[in-house]
Every structure is written in structure tokens, then in C-alpha cells.
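Asker: sequence unknown, structure follows:
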């Protein structure tokens, strides 16, 4: 079974721009979570989607948003990028919420 | 809010020696507990999980972990490490709410170095 895939793997953007990251979960998994990983803050929960509904959101500003499609694929968007948004963005999928999560390789976002 | 503490930022172990990585959590109820490993430039790989039942859980790559409720700990162990075990290890806690989904809370990680 194929794992979680994330595209693109690397991205360089300029301050003020917006970016969209994509995640395809493991086949059969209906829950997708997003995390931000930085050297200073570590791994932080962004939000989770299940059946196209956002179930919960971490402590991030409204510039961070996401959505999930009917095929369980998910996208996250960051608007008005700031230098501090530079991070590894990890997507994780699980069968349903409260099952173990399996992570993709991440998207490395660099904001200049 | 729940929290996870991994007291050791770096640990150096000789190849073939035993390993124990510490993890303590703070949470009002019994959470779901996980250990993940991350190699440079990679995502996180699930090593093992504890949901309920037997407090000693076996995982992949020869790892095991023991849940101790009285100590709020979930330490990871391996009897004999290999050079390929060098990586960053993360302990994580999830809510055992039976219906909610609040994401995983991660520790800051322990960087494992293997000496030849």
C-alpha cells in the first residue's frame, strides 16, 4: 500500500506571497492532519480534517487554512507568508481520528 | 493542556549497547502514546503505539516501550542498537477522548548518536 504523499517536496516563496501544499493520504484513510516542524518550536499541530470537515485547529493564525476533498486528499494554504513560516510541513493520515497517524515525507517551505 | 517531556536532547550510545529513551507526559487521563523516528530530511515513521491493555508494547526494528501510569512515563528501549538507529526520536501523546481529534502533542525529540 502506498504511503502518504506530499507535493511539492520543496518550495521557495517570497514574503507576502501565498502557498498551497498538497497531501494524499494512504488509501482507505479518511483523516488527515497537518503539522509544522521548526527547530525552535518543534512539531506543532495545525489542523485535522475528517470527512471533509475540520475537526480541530491548533494555535495558528487565520493565515493558515486547509480543506479536504471527497477523496480524502487535503490541501493547506498559507497566505501572506512571513519569514517565520519557513518550516517542514508534515501531513499525516489515519483510518479515522484517534487511530495511529502515518506521516508523509513533508514539504520544506522556505520564505525569503 | 497535555504536554510531553523528553529530558534528553542528545544521547550517545555505542553500537551493540542497550538503549533507553525517556518520555514523560502530563495529562489528566490515559492518553494514546506513540514513539516516532525521523531520519534527516525524512518524515516521521511510527515505531510503536500504546492505546490500552498490555503496558509493554513491541514495535518495529526491535524497539519496545513500557507504559507506567504511576510515573506518567512511556520509555523506549532497544537491547542492542545498530548504526542505522541514529536518528531523531519523538514521543507523542494523543487524546483518548473516543470521539475528539486534537492532534498529537510531541516532545522536543531526542537525537540519538551511535558510536562505532
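Answerer: In hand now; what should we look at? What you see is a predicted model, and the numbers here were worked out from it, not measured in a lab. Residues are numbered from 1 along each chain as shown, chains lettered A, B, ... in the order given.
Asker: going forward, measure contacts between C-alpha atoms and count neighbours the same way
Answerer: Will do.
Asker: What is the burial count for the residue of chain B found nearest chain A?
Answerer: Nearest to chain A, among the residues of chain B, is residue B:43, at 4.0 Å (Cα to the nearest Cα). If you count neighbours by other Cα atoms under 10 Å in any protein chain shown, residue B:43 ends up with 22.
Asker: Quick check, pLDDT for the residue in chain A that chain B sits nearest to.
Answerer: When scored by Cα to the nearest Cα, chain A has residue A:105 as its residue closest to chain B, at 4.0 Å. Model confidence at residue A:105, expressed as pLDDT, equals 96.
Asker: give me the element it is part of.
Answerer: Secondary structure from DSSP states H and E places residue A:105 outside every helix and strand.
Asker: in the helix or strand of chain A with the lowest mean pLDDT, what's buried?
Answerer: Within chain A, no helix or strand scores below strand A:53-57, which has a mean of 90 by mean pLDDT, DSSP states H and E. Along strand A:53-57, these residues count as buried under the neighbour rule (16 or more other Cα atoms under 10 Å in any protein chain shown): A:54-57.
Asker: So which of the residues you listed is the closest to residue A:42?
Answerer: residue A:57 (17.0 Å; Cα to Cα).
Asker: For the residue lying closest to the closest one once chain neighbours are set aside, which residues are in contact?
Answerer: Of all residues not flanking residue A:57 in the chain, residue A:47 sits nearest, at 4.2 Å (Cα to Cα, 6 or more residues apart in numbering or on different chains). By Cα atoms under 8 Å, 6 or more residues apart in numbering or on different chains, residue A:47 lies in contact with A:33-35, A:54-58, A:66, B:102-103.
Asker: tell me which element residue A:47 is part of?
Answerer: Going by DSSP H and E, residue A:47 is part of strand A:42-50.
Asker: What of residue A:21?
Answerer: Using DSSP H and E, residue A:21 falls within strand A:19-24.
Asker: does any part of that strand sit near chain B?
Answerer: No - remark: strand A:19-24 sits outside contact range of chain B, by Cα under 8 Å from any Cα of the partner chain, the gap being at least 12.9 Å.
Asker: Give me the sheet partners of that strand and which way each runs.
Answerer: Strand A:19-24 has its sheet partners listed here by DSSP bridges as strand A:5-7 (antiparallel), strand A:74-78 (antiparallel).
Asker: Next, the buried residues of that strand.
Answerer: A:19, A:21-24.
Asker: my guess is residue B:106 contacts residue B:4, does it?
Answerer: Yes - assessed by Cα atoms under 8 Å, residue B:106 is found in contact with residue B:4 at 6.1 Å.
Asker: the more surrounded of those two?
Answerer: Legend: neighbour count by other Cα under 10 Å for residue B:106 and residue B:4, higher for residue B:106 (24 against 21).
Asker: Centre of the chain to the least confident helix or strand of chain A, how far?
Answerer: With Cα atoms, centre = their mean, to the nearest Å as the basis, strand A:53-57 stands 13 Å off its chain's centre.
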